[in-house]
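Engineer: here is the input, now give the coordinates:
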Amino acid sequence: MSDLQGSRRAQNFAGQRHEASAPSSAVDLGVDVGGTFTDFVGFRGRDVVSLKLPSTRDPSEAVAEGLRALGAARMAHGTTVATNAILERKGARTAFVTTEGFEHLLLIGRQNRPSLYDLRITRPDPPIPRERCFGLRERVDAHGRVLRSPTKRDLAEVVRRVRSSGAESVAISLLFSFLHPAHEQRLAKALSGLSVSTSHEVLAEFREFERSSTTALDAYVKPLVMRYLQDLERA
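Structural biologist: Have a look, this model is predicted:
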């Protein structure tokens with residue numbers, strides 16, 4: 001979008017703002033990016049300024065347009081980019097790596113369900129399908145003691161399978177990795193060139209499903225959010 005087009009769009013929404021044209025001094029601004037509108041509110045000195053613009057397909061375009069219109073110096077920013085990607089299932093093509101034998105972890109989840117004895121319960125599909133869930137031959141016990149370290153061959157095989165799956169991003173969640181993260185760190189290093197989320201960094205807590213599902217969602221949205229922030233910086 002050209003600067004001229006952006007200026008016209010901002011003028012069309014002049015009725016939604018106060019003191020937003022021809023800024024005489026810099027503005028401290030808050031920005032909220034939603035699916036329908038991108039909203040701006042801030043201070044120019046002691047005056048409140050605001051602006052509402054239609055959100056764009058590339059969310060950074062509407063943000064950049066508003067920043068130019070208001071002459072922002074600093075901003076605090078909130079966005080539903082990650083939330084929308086999860087709800088609309090538009091995140092990155094993601095792979096999941098866990099301890100061998102637990103590849104169904106995301107699919108099985110926990111026993112919690114609205115009707116405990118309903119045999120026809122329908123669970124929502126996890127963001128990562130079973131065919132992109134891989135197991136690494138390694139094991140750490142509940143006290144953080146290493147029972148089996150992955151060999152170079154073990155790591156290489158998992159890396160080969162992940163890359164062959166066409167994954168853009170990888171979630172790594174090994175059993176009790178929050179007590180002994182070295183195996184996750186080794187695998188993450190071997191997956192250089194891909195976006196990687198490790199559970200000991202995302203949620204270093206007991207209970208593998210909660211830790212794994214949180215890490216999976218982090219990996220699912222990370223490339224999208226990173227691209228958005230990079231586009232915003234360039235704008």
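
Engineer: residue 85: how many residues sit nearby?
Structural biologist: 20 (other CB atoms under 10 Å). In this view, the C-beta of every residue, glycine as well, is placed from N, C-alpha and C.

Engineer: tell me the pLDDT of the closest residue to it other than its chain neighbours.
Structural biologist: Among residues not flanking residue 85 along the chain, residue 91 sits closest, at 4.6 Å (CB to CB, 6 or more residues apart in numbering). Listed pLDDT for residue 91 reads 97.

Engineer: so what pLDDT did residue 18 get?
Structural biologist: On the pLDDT scale, residue 18 is placed at 45.

Engineer: actually residue 8, sorry about that
Structural biologist: Listed pLDDT for residue 8 reads 46.

Engineer: repeat for residue 235
Structural biologist: According to the prediction, residue 235 has pLDDT 69.

Engineer: sorry, back to before: phi, psi for the residue nearest to residue 85 please.
Structural biologist: phi -80, psi -170 (degrees, to the nearest 10).

Engineer: pretty sure it contacts residue 218?
Structural biologist: No - using CB atoms under 8 Å, residue 91 is not in contact with residue 218, being 10.2 Å away.

Engineer: what packs against the longest helix along the chain?
Structural biologist: Using DSSP state H to define each element, the chain has its longest helix at helix 208-234. On a contact count with 3 or more CB pairs under 8 Å, 6 or more residues apart in numbering; DSSP states H and E, helix 208-234 meets helix 59-70, helix 81-87, strand 94-99, helix 105-108, strand 169-173, strand 195-198, helix 199-202.
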